[in-house]
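Engineer: this one's structure only:
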């Protein structure tokens, strides 16, 4: 099972500022149980050779992450999701 590392202070602040903290905790819990859970919409981003993935925090925000060799997940950014 993957484990999400503690968030950097700036990311935690971003989630709190945008009213996403509770949604983050729920998404984090779902991800650690099942990274492929349907509601997370986990995906490998392009270009694929960079191995950067994302999962949904809510309909508008996604967490970008990398997977470290010890099965730890490091969140590198939380961004507003682009919609066409």
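Structural biologist: Arrived safely, thanks for sending. Predicted model, so just to flag it, every value in this text is computed and none were measured.

Engineer: what's the longest strand in this structure?
Structural biologist: Determined from DSSP state E, the single longest strand within the chain is strand 72-80.

Engineer: sec struct for the residue most central in space within the chain, please.
Structural biologist: Centroid-nearest residue in the chain, with C-alpha atoms, centre = their mean: residue 63, separated by 2.9 Å. Under DSSP: H, G, I helix; E, B strand; the rest coil, residue 63 falls in the strand class.

Engineer: if I look at it, how far off is residue 33?
Structural biologist: 16 Å (C-beta to C-beta, to the nearest Å). Every residue, glycine included, has its C-beta placed from N, CA and C.

Engineer: residue 56 now?
Structural biologist: Relative to residue 33, and taking C-beta to C-beta, residue 56 is found at 15 Å.

Engineer: who's more crowded, those two?
Structural biologist: residue 56 (20 against 10; other C-beta atoms under 10 Å).

Engineer: got the contact list for that one?
Structural biologist: By C-beta atoms under 8 Å, 6 or more residues apart in numbering, the residues touching residue 56 are 27, 39, 40, 41, 62, 63, 81.

Engineer: just to revisit the earlier point, report the beta-bridge partners for the residue nearest to the centre of the chain.
Structural biologist: As for beta bridges, residue 63 partners with residue 55, residue 78 under DSSP bridges.

Engineer: isn't it up against residue 55?
Structural biologist: Yes. Counting by C-beta atoms under 8 Å, residue 63 touches residue 55, with 5.6 Å between them.

Engineer: what do those two both touch?
Structural biologist: By C-beta under 8 Å, 6+ apart, the residues touching both residue 63 and residue 55 are residue 27.

Engineer: and the residue nearest to the centre of the chain, how far from residue 18?
Structural biologist: Residue 63 is 12 Å from residue 18, where distance means C-beta to C-beta.

Engineer: cool, and residue 12?
Structural biologist: Computed as C-beta to C-beta, the residue 12 to residue 18 distance reads 11 Å.

Engineer: mind giving me the packing neighbours of the lengthiest helix in the chain?
Structural biologist: Determined from DSSP state H, the single longest helix within the chain is helix 21-33. Packing partners of helix 21-33 (3 or more C-beta pairs under 8 Å, 6 or more residues apart in numbering; DSSP states H and E): strand 3-4, helix 9-17, strand 53-56, strand 61-67.
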